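Trainee: turn this into a structure:
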Amino acid sequence: MTTCMENTDWDFVLQFVSEPLDLEVHHVPEKLIAERSNSAVPVQVPTPPDSFAASPADSPAEDDTLVSVSTTFFPGAQIHSLPPDLVLLSSDSVFFYVHTHALHGASENGFAGLLPPSSKAPPGQLGPVVMVSESSTILNIVLHAVYDMSCSHYSPPFESLTAALSVLRTYGLSAKRYAGPSTPLHSLLLSHAPLHPLELYALAASYDLYELAVSTSCHLLSFSLASLTDDMADRIGAIYLKRLFFLHFGRADALKRLLLPPPHPHAPTNDCDFTEQKRLTRAWALASAYLAWDARPDLSTNAIESALAPLGDQLSCELCRKALQDRLKTLIVQWSVVKRTI
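Mentor: Numbers count the residues shown, from 1 in each chain. Below you'll find the predicted structure:
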């Protein structure tokens with residue numbers, strides 16, 4: 001039945017082909033090939049679409065929605081042998097694709113109770129999406145610490161690192177474990193010591209990060225303890241504040257003890273007896289008293305040498321000059337080995 005209907009349709013169409021068309025045909029003189037090619041208006045042949053391109057009717061509607069994904073924790077990141085099964089969404093709408101077992105193993109409270117009970121994601125999906133209250137900058141630092149990776153290439157500001165340590169505690173992550181010695185976060189924090197020594201020392205003290213406080217304390221030798229505010233003293237705490245005071249006072253006392261002995265006298269000669277050598281002793285006492293009066297924990301060896309070395313210009317005895325040089329070398333060596341940290 002179907003075949004008969006198709007034949008009938010084709011007969012209906014072909015009857016118009018068999019009938020002559022009443023069209024007027026104007027005979028146009030043919031041109032040579034050369035004349036055809038020299039036409040003023042070039043003929044443009046449209047480029048056919050690629051065979052694999054979809055037709056316009058099949059192309060999907062453009063979606064203007066933008067999704068921000070972490071450049072480190074994205075679905076195809078090679079940070080773990082297993083694919084991610086959990087998505088963390090920061091407060092500024094950045095997606096982080098992580099592993100539930102990694103967060104469970106690092107956190108003591110189930111990442112503040114946000115982790116789902118099961119880590120098995122349905123086939124073809126990347127797990128549930130969990131929203132957190134932290135920004136992408138803070139969350140990025142925390143996740144790098146959990147995965148034992150450095151985030152120094154992001155150059156996070158010191159304020160963000162300070163906030164990240166607080167977030168570690170919120171999510172049940174030990175600051176001593178993830179900001180302790182030999183960790184990437186410890187090195188990143190320590191890189192801010194030259195610019196933020198007091199703030200970093202207070203931060204280390206508040207989390208009892210002793211090694212970080214020790215490494216930072218040498219940058220506080222030039223800090224004036226008299227300018228310490230009550231709020232900062234409260235943040236540092238009694239123990240680490242005492243250690244900082246003892247560092248300053250201990251170095252000042254050590255400098256006074258090292259300056260006290262004068263150059264060793266030499267055997268009397270015809271030109272320089274014990275009475276003549278007392279001139280060097282008095283000059284040394286005056287110069288060392290000047291240094292000891294304003295003894296600073298950060299006093300450099302160059303400052304000591306520039307204050308005491310000119311004493312030799314007033315001496316005519318070569319043995320006294322030699323004794324002064326030896327005493328100055330000994331002083332510089334002794335001062336350089338005095339403890340510079342808490």
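Trainee: the nearest residue to residue 260 once chain neighbours are set aside sits in which helix or strand?
Mentor: Excluding the flanking residues, the one nearest residue 260 by C-beta to C-beta, 6 or more residues apart in numbering is residue 288, at 7.0 Å. Heads up, the C-betas are built off the backbone N, CA and C, glycines and all. For residue 288, the enclosing helix or strand under DSSP states H and E is helix 274-293.
Trainee: and the next helix or strand past that helix?
Mentor: Scanning forward in sequence from helix 274-293 by DSSP H and E, the next helix or strand is helix 301-308.
Trainee: which other residues reach that next one?
Mentor: Where contact means C-beta atoms under 8 Å, 6 or more residues apart in numbering, the residues beyond helix 301-308 that reach it are 284, 287, 288, 290, 291, 324, 328, 331, 332, 335, 336.
Trainee: list the contacts of the helix or strand just after that helix.
Mentor: Later in the chain than helix 301-308, the nearest helix or strand by DSSP H and E is helix 318-336. Applying C-beta under 8 Å, 6+ apart, the contact partners of helix 318-336 are 254-255, 258-259, 261-266, 269, 272, 276-277, 280, 284, 299, 301, 304-305, 308-309, 311-312, 315.
Trainee: rewinding a little: could I get the contacts of helix 301-308 as CSV with pLDDT and distance to residue 71?
Mentor: Supplementary listing: the contacts of helix 301-308 in CSV, determined by pLDDT from 0 to 100; distance: C-beta to C-beta, whole Å:
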residue, pLDDT, distance to residue 71
284, 92, 63
287, 91, 60
288, 91, 59
290, 89, 58
291, 90, 54
324, 92, 62
328, 94, 56
331, 95, 54
332, 95, 50
335, 95, 49
336, 94, 45
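Trainee: closest to residue 85 among these?
Mentor: residue 336 (55.5 Å; C-beta to C-beta).
Trainee: what's the local residue count around that closest one?
Mentor: For residue 336, the number of neighbouring residues by other C-beta atoms under 10 Å comes to 11.
Trainee: which stretches of the chain have low pLDDT?
Mentor: 1-65, 118-125 (pLDDT under 70).
Trainee: and the helices in the stretch 101-250 of the chain?
Mentor: For the stretch 101-250 of the chain, the helices defined by DSSP state H, counting those that start in this stretch occupy 110-113, 136-146, 158-170, 175-178, 184-190, 197-206, 210-217, 230-236, 238-259.
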